[in-house]
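Asks: Mind folding the following:
(2 chains)
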Amino acid sequence: MERIAKVFKKRTTPALIGFTVAGDPDRKTCIRIARALIGAGTDILELGVPFSDPVADGPVIQRAGERALAAGTTPDTVFAIVRELRSQSEVPIVLLTYFNTVYRRGIETFYRDAAGAGVDGILIADMPVEESAEVLKAARKNWIAPIFLVTRTTSDERLAKIAKKGRGFLYLVSVLGVTGVRTGIPQEAFDLIRRTKAITDLPVALGFGISTPEQVRACAENGADGVIVGSAIVDIIERTCKNPDLMEPALAGFVSLLKQAAAVPHPP
Amino acid sequence: MEAAGNGIGTGEHSATLCAGEAGVLHGTLSYLLQDVHGQVLPTHSIAAGLDYPGVGPEHAMLKDNARVTYDAVTDRDVLDAFEFLSRREGIIPALESAHAVAYVIQNAGRFAKDDIVVINLSGRGDKDVAEVSAIRGGA
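Replies: Prediction:
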């Protein structure tokens, strides 16, 4: 949990949060992918836990989940990947998962195993704050930041409630829809950044649909503390995973471009 | 009455209450057809309306507090029941509702002549005639 706080401490430019699906296309290649992302300057690594019914994800990340599941990825595989990455890096690692995966393993067991592997935060995409008491308890006990989604349709009242329970950062969803590359970022997403910052001191990271340096720059200019890029990274993986030697430089090059774009001091 | 599809043993069914375990899908905690890691399993039923890995949580409660007994019948028995009721009464039951008809036919021996048995035909089978015809090769 402290690793996340450290990333956001005294930042003047937004943190780059890079996403990939754990176990895509297989465990070994996934570790190479994660290392390439981290090596190129990813500030926080988000690992998706593959799930059969990923209701928040668009086609690119859905296919990544299918590849990971076809390769036999289980929560144990995910924890093993985290453990291996953690042995060489202090980059914060956040898991993105769906609740049934957590519930099936046992909430406390899942959080304990995650903490043991070196996970810093867990976002459960289909867990509303109102239902989260047990999850919050397990998160607190295991020093894992519970990260929540906030959307443009979240009321101020509910936003305050979520901000009170969330730790690490708040994940602001830029669009009304699923993950996936889009052109531009709607003004409403930037309004959401301002609205959230007026309510909480938690760092705010904007995600969903952000894929280009220009979009990352726009997030920086609009005061985001973090920018989350997922589908665009997974798309590179999909196109190059047959040839990991090409994939690593492609990912590193892309992340470097995003990092440069993020290097715009955000407004005070 | 749940959908045993090609038989619960084949894995090609939607008999959530008979063969599922507690899980959360689409925002509800209920019985769920899933593997040991919580991955939701593919389902099958001849009745589109039953072809789902979960079940309304009210049913999960009624099962757990033993106020309702749940059972399952196969696609084959459902087709027979569909045809039986259509020919016998001129009422075409939806394939979903035909599951209940199949169960009563199968269990007819358990009822006395004067027992009153209520079957809720919750849907009409006009929508299913083409599918049944395709499966059974026309009438």
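Asks: Assumed A:Asp24 was part of a strand.
Replies: No - using DSSP: H, G, I helix; E, B strand; the rest coil, the assignment for A:Asp24 is coil, not a strand.
Asks: can you tell me which residues contact it?
Replies: A:Cys30, A:Ile33, A:Pro50, A:Ala64, A:Gly65, A:Arg67, A:Ala68, A:Ala71, A:Thr73, A:Val234, A:Ile237, A:Cys241 (CB atoms under 8 Å, 6 or more residues apart in numbering or on different chains). Backbone N, C-alpha and C define where each C-beta goes, glycine included.
Asks: Could I get the buried residue list for the helix or strand where the first one lies?
Replies: Here A:Cys30, judged by DSSP states H and E, is contained in helix A:27-39. Within helix A:27-39, the residues that qualify as buried are A:Arg27, A:Thr29, A:Cys30, A:Ile31, A:Ile33, A:Ala34, A:Arg35, A:Ala36, A:Leu37, A:Ile38, counting by 16 or more other CB atoms under 10 Å in any protein chain shown.
Asks: what does stretch A:113-132 give?
Replies: For stretch A:113-132, the buried set under the neighbour-count rule, 16+ other CB under 10 Å, comprises A:113-115, A:117-127, A:129, A:132.
Asks: Closest to chain B out of the residues you listed?
Replies: The nearest member of the buried residues of stretch A:113-132 to chain B, counting by CB to the nearest CB, is A:Asp126 at 6.7 Å.
Asks: Given the longest strand seen in chain A, what are its sheet partners and their directions?
Replies: Looking across chain A with DSSP state E, the single longest strand is strand A:15-21. Strand A:15-21 pairs in its sheet with strand A:44-48 (parallel), strand A:226-229 (parallel), by DSSP bridges.
Asks: Can you convert these into TSV and add a column each for mean pLDDT, mean neighbour count and distance to A:Glu84?
Replies: Listed next are these as TSV, based on pLDDT from 0 to 100; neighbours: other CB atoms under 10 Å in any protein chain shown; distance: least, CB to CB, whole Å:
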stretch	mean pLDDT	mean neighbour count	distance to A:Glu84
strand A:44-48	98	25	12
strand A:226-229	97	27	23
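Asks: Indicate which one of these is closest to B:Ala134.
Replies: strand A:44-48 (40.2 Å; CB to CB).
Asks: Would you check that A:Ala138 makes contact with A:Glu108?
Replies: Yes - between A:Ala138 and A:Glu108 there is a contact under CB atoms under 8 Å: 4.9 Å.
Asks: higher neighbour count, the two?
Replies: A:Ala138 (21 against 15; other CB atoms under 10 Å in any protein chain shown).
Asks: neighbours around the nearest residue to A:Ala34 once chain neighbours are set aside, how many?
Replies: Nearest residue to A:Ala34, sequence neighbours excluded (CB to CB, 6 or more residues apart in numbering or on different chains): A:Leu85, at 5.4 Å. Other residues lying near A:Leu85 total 20 when counted by other CB under 10 Å.
Asks: Give me every residue in chain B lying close to chain A.
Replies: B:22-27, B:29, B:32, B:34, B:36-41 (CB under 8 Å from any CB of the partner chain).
Asks: So which residues of the stretch 101-250 of chain A form strands?
Replies: A:121-124, A:145-147, A:149-151, A:170-173, A:204-207, A:226-229 (DSSP state E, counting those that start in this stretch).
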